[in-house]
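Chemist: need the 3D shape of this:
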Amino acid sequence: MKRQLCSLVLTGLLATGVMLAQEPGSAPDQAAPQGDAGGMGGHHGGGNMMDPDQRLAHMTKRYKLTADQQGQIKPILQDEQQQMEAMRSDTSTPQADKRAKMMSTHQASTQKIEAVLTDEQKQKFEADQQKMQERRAEHRHGGMNGAGGAPPSDAGQPPAPPQ
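Modeler: You can find the predicted model right below:
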């Protein structure tokens, strides 16, 4: 369960980074959480969300997907986008519930995508997700303390045990 949650968060982070890297000069779209092959969760202020074709093109280049893999992954991305858009437009569901549903949807899509990837592609995909999770955590917690990049005051403390 913990591994699945980490995988979900990492995928969301990957998508967020991909979105920011893909279209640096365009205006932001809607402010909403994004659940792409990356962008999950409390992503406030919007971003440039890639459509399934753009996401597939990025994944094809990054992970060297075969034509067969592309054919299997594209419907997963399209279905995920449709579900995410439906959740974003649902005004009757509390934000926390929508976020949980989006995370679940994104996790399911990530698992389907990983099932299509080779072991080597999957390792790279998971590593990218880990990097995005770290970036998102840094962003969420305001990055390093101070402009000089000094570590937080508790840097000498051992990490808290997992929950």
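Chemist: what's next to stretch 90-97, contact-wise?
Modeler: By C-beta atoms under 8 Å, 6 or more residues apart in numbering, the residues outside stretch 90-97 that reach it are Met87, Lys98, Lys101. (C-beta placed from N, C-alpha, C; glycine too.)
Chemist: which strands or helices does the host helix or strand of Lys74 pack on?
Modeler: Here Lys74, judged by DSSP states H and E, is contained in helix 67-89. Helix 67-89 is packed against helix 52-63, helix 95-116, with contacts defined by 3 or more C-beta pairs under 8 Å, 6 or more residues apart in numbering; DSSP states H and E.
Chemist: of those helices, which is nearest Arg140?
Modeler: helix 95-116 (13.5 Å; C-beta to C-beta).
Chemist: can you list the buried residues in that closest one?
Modeler: 98-99, 101-103, 105-110, 112-113, 116 (16 or more other C-beta atoms under 10 Å).
Chemist: that older thread, between the helix holding Lys74 and helix 52-63, how many degrees?
Modeler: Going by axes from the mean of the first three to the mean of the last three C-alpha atoms, to 10 degrees, helix 67-89 is angled at 130 degrees with respect to helix 52-63.
Chemist: what's the mean pLDDT across helix 67-89?
Modeler: For helix 67-89, the mean per-residue pLDDT is 96.
Chemist: the chain should start at 523 in everything you say after this.
Modeler: In the new numbering, first residue 523, that becomes helix 589-611.
Chemist: can I get that helix in CSV, CA atoms only?
Modeler: C-alpha atoms of helix 589-611 as CSV (Å, rounded to 0.1, in the frame of the first residue of the first chain):
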residue,chain,number,x,y,z
ALA,A,589,4.6,1.6,-31.3
ASP,A,590,2.9,-1.2,-29.5
GLN,A,591,3.5,0.4,-26.1
GLN,A,592,2.2,3.7,-27.4
GLY,A,593,-0.9,2.0,-28.6
GLN,A,594,-1.5,0.5,-25.2
ILE,A,595,-0.7,3.7,-23.2
LYS,A,596,-2.6,6.2,-25.2
PRO,A,597,-6.1,4.9,-24.1
ILE,A,598,-4.9,4.9,-20.5
LEU,A,599,-3.9,8.5,-20.7
GLN,A,600,-7.1,9.5,-22.5
ASP,A,601,-9.3,7.7,-19.9
GLU,A,602,-7.4,9.3,-17.1
GLN,A,603,-7.8,12.8,-18.6
GLN,A,604,-11.6,12.3,-19.0
GLN,A,605,-12.0,11.1,-15.4
MET,A,606,-9.9,14.0,-14.1
GLU,A,607,-11.8,16.6,-16.1
ALA,A,608,-15.1,15.1,-14.8
MET,A,609,-13.8,15.4,-11.2
ARG,A,610,-12.6,18.9,-11.7
SER,A,611,-15.9,20.1,-13.0
